[in-house]
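Trainee: got a predicted model here, sequence first, then my questions.
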Amino acid sequence: MKKRNTILLLGIFSIIILITAQLIIIRGVWKQKDEMFNLRYRLYSQDALDVMNRQWATDGFDTARILISVKSEQVLRNLAANKADSLTAKEKNDLIEYITLVLNKEQDLSQFLSRFFERRGIDRNFNSKIVINRFELINFDQRIPVFLSEEYANRRSPQQNDTLRRTGPPPGMMRQPRRSSEILVKRPFYETNSYRLDFEYLIDFSDKQKIILRETAASLALSIFSILLVVTLFLITFKNLMEEKRLSNLKTDFINNMTHELKTPLSTITVAGKTLELPMIRTNEAKILETAKLIGKQSVHLNQLINMILEISMWERTQFQLDKKKVRIEEFMNDIVDSFRSGGGNGATITQKYNFKDLDVDVDTIYFTTLINNLLSNAVKYSDQDPVIQIEGFTEENNVCIKVSDNGIGINKNDQKHVFDKFYRASTGNIHKYKGLGLGLYYVKKIAEAHGGDVTVSSKPGKGSIFTVTLPY
Ligand code: ADP
């Protein structure tokens, strides 16, 4: 039990390590693919920008640049007219909003990229994004910038960030850190007489996860497959180990039981032999006869036991040889039950009810007799009260059915699955309250199958058992 738990724990532990290792590998592969994807598109975009520059002699932001210039000059003029040297918060906000809008709307880069990607047959489902890093209005008469945009949060010093948290970010300057899915295509810097602008043009693919998933599908499937394979192999091995352990326990039980079974008649014979040596017995003819009969009976029992074991080991190697004869089944059943009764049915009450009419069935009479005898002697043996046995016989779809019901101790559900196994003894193990080798029902099953039939059991612990034998006719 302890060993089994250790193996189970070790197995589960190794499987967890394996799954963790696989997950780490998958994560690594995913990250690598993600970086490759970004790199690939950065290079494609670079190509696209080069082509655009060469063919159109533009970077796609010409209109935007002019519009921003016009706006900047207008704002500077207003400032001069108002004799102010800086913008109000609202004016700053409006200006940044305007610039962002213009850069987004009045640009040809997105369309060009999209067409460029399409021509190359690669994914073109991206969203573009403009992030302004810095904007300065320059009043060249005074030669100082009148409005300097704040650096973004992630580029500030911690102290600056603290202040910012308290006062809130300046208008238009909200910048989230760049997401890993965003690819930087271009970071232009424009300088004119009225402004300086530094911004980023980013693209973001909505289908990126799907594309990476498609690319990693094979290695992902392999990983899952290898995990499943290892788990299955572990389960099979563990099951086999348990089965072997069960068989080895069964064999040990069998050897114990067999020793016990063989010892009983042998010791009786030994004692009887010693008795015959006594001078007072030798003169008593009746006693001699009684002892001789006892020796004879025990020898027959011993012989039967040994034959059964030999026969079973022979079945393992050779085919079951039946010597079938036609018998009138009802008469034959009556004969078997009568001789069971006279052979010491141990005071069992046996009732019989047959519905065979004059049916003749092909059976090996010796084996068939053993089959019924085994069922009857089990019904007597596994009973804690006066045994009451009912035998019912009828035909059903070209089969002869024989039901043997008893009022014995019954068999629990789990044992019912195994009672026909070789050496199996229900839960009693080698406790010798009920003697046996665990071969009787195995024998019954083998004989029934050799006749092309079968045997089944249904039982309720404490209530009794019903064994049903079916044979084709
Ligand atoms: P044995 O009787 O030698 O142990 P069998 O193969 O005849 O072996 O039976 C296997 C097991 O099935 C028995 O150990 C017993 O626990 C259970 N069994 C068989 N017949 C009956 C019955 N009529 N009532 C209750 N238990 C039974």
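Mentor: Sure, I can see it.

Trainee: hmm, stretch 262-281 in reach of the ligand?
Mentor: No. Using Cβ under 6 Å from any ligand atom, no contact is recorded between stretch 262-281 and the ligand, whose separation bottoms out at 13.4 Å. Where C-beta positions appear, they are placed from N, C-alpha and C, glycine not excepted.

Trainee: what comes up buried for that stretch?
Mentor: Applying a neighbour-count criterion of 16 or more other Cβ atoms under 10 Å, one finds Leu262, Pro265, Thr268, Ile269, Ala272, Thr275 buried in stretch 262-281.

Trainee: from the residues you listed, which land in helices?
Mentor: Counting by DSSP state H, those place Leu262, Pro265, Thr268, Ile269, Ala272, Thr275 in helices.

Trainee: pLDDT added to those residues, as TSV?
Mentor: What follows is those, written out as TSV (pLDDT from 0 to 100):
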residue	pLDDT
Leu262	88
Pro265	89
Thr268	91
Ile269	93
Ala272	92
Thr275	89
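
Trainee: which of these sits closest to Leu8?
Mentor: Leu262 (38.3 Å; Cβ to Cβ).

Trainee: that closest one reaches Leu305, doesn't it?
Mentor: Yes. Checked against Cβ atoms under 8 Å, the pair Leu262 and Leu305 is within contact range at 6.5 Å.

Trainee: and this structure, what are its domains?
Mentor: 2-215, 218-317, 324-472 (automatic domain parsing).

Trainee: just how off-centre is the second one within its chain?
Mentor: When distances are taken as Cα atoms, centre = their mean, to the nearest Å, domain 218-317 is centred 38 Å away from the chain's centroid.

Trainee: so how far is Lys422 from the residue in the stretch 201-350 of the chain positioned nearest to the ligand?
Mentor: Residue of the stretch 201-350 of the chain nearest the ligand, by Cβ to the nearest ligand atom: Asn257 (7.4 Å). Taking Cβ to Cβ, to the nearest Å as the measure, Asn257 and Lys422 are separated by 13 Å.

Trainee: buried residues in stretch 465-473?
Mentor: Using 16+ other Cβ under 10 Å as the test for burial, stretch 465-473 gives Ser465, Ile466, Phe467, Val469, Thr470, Leu471, Tyr473.

Trainee: what is the nearest of those residues to the ligand?
Mentor: Ser465 (4.3 Å).

Trainee: the closest one: what secondary structure?
Mentor: strand (DSSP: H, G, I helix; E, B strand; the rest coil).

Trainee: my read is that it contacts Val455, right?
Mentor: No. Ser465 lies out of contact with Val455 (Cβ under 8 Å); the separation is 11.9 Å.

Trainee: so which helix or strand takes in the residue nearest to Lys251 when sequence neighbours are not counted?
Mentor: Nearest non-adjacent residue to Lys251, counting by Cβ to Cβ, 6 or more residues apart in numbering: Phe423, 6.5 Å away. Assigned by DSSP states H and E, Phe423 falls within no helix or strand.

Trainee: Leu202 now?
Mentor: Going by DSSP H and E, Leu202 is part of strand 195-205.

Trainee: buried stuff in that strand?
Mentor: Buried, per 16+ other Cβ under 10 Å, within strand 195-205: Tyr195, Arg196, Leu197, Phe199, Glu200, Tyr201, Leu202, Ile203, Phe205.

Trainee: which stretches in the stretch 301-450 of the chain count as strands?
Mentor: Secondary structure of the stretch 301-450 of the chain by DSSP state E, counting those that start in this stretch: the strands cover 324-328, 349-354, 360-364, 388-396, 399-405.
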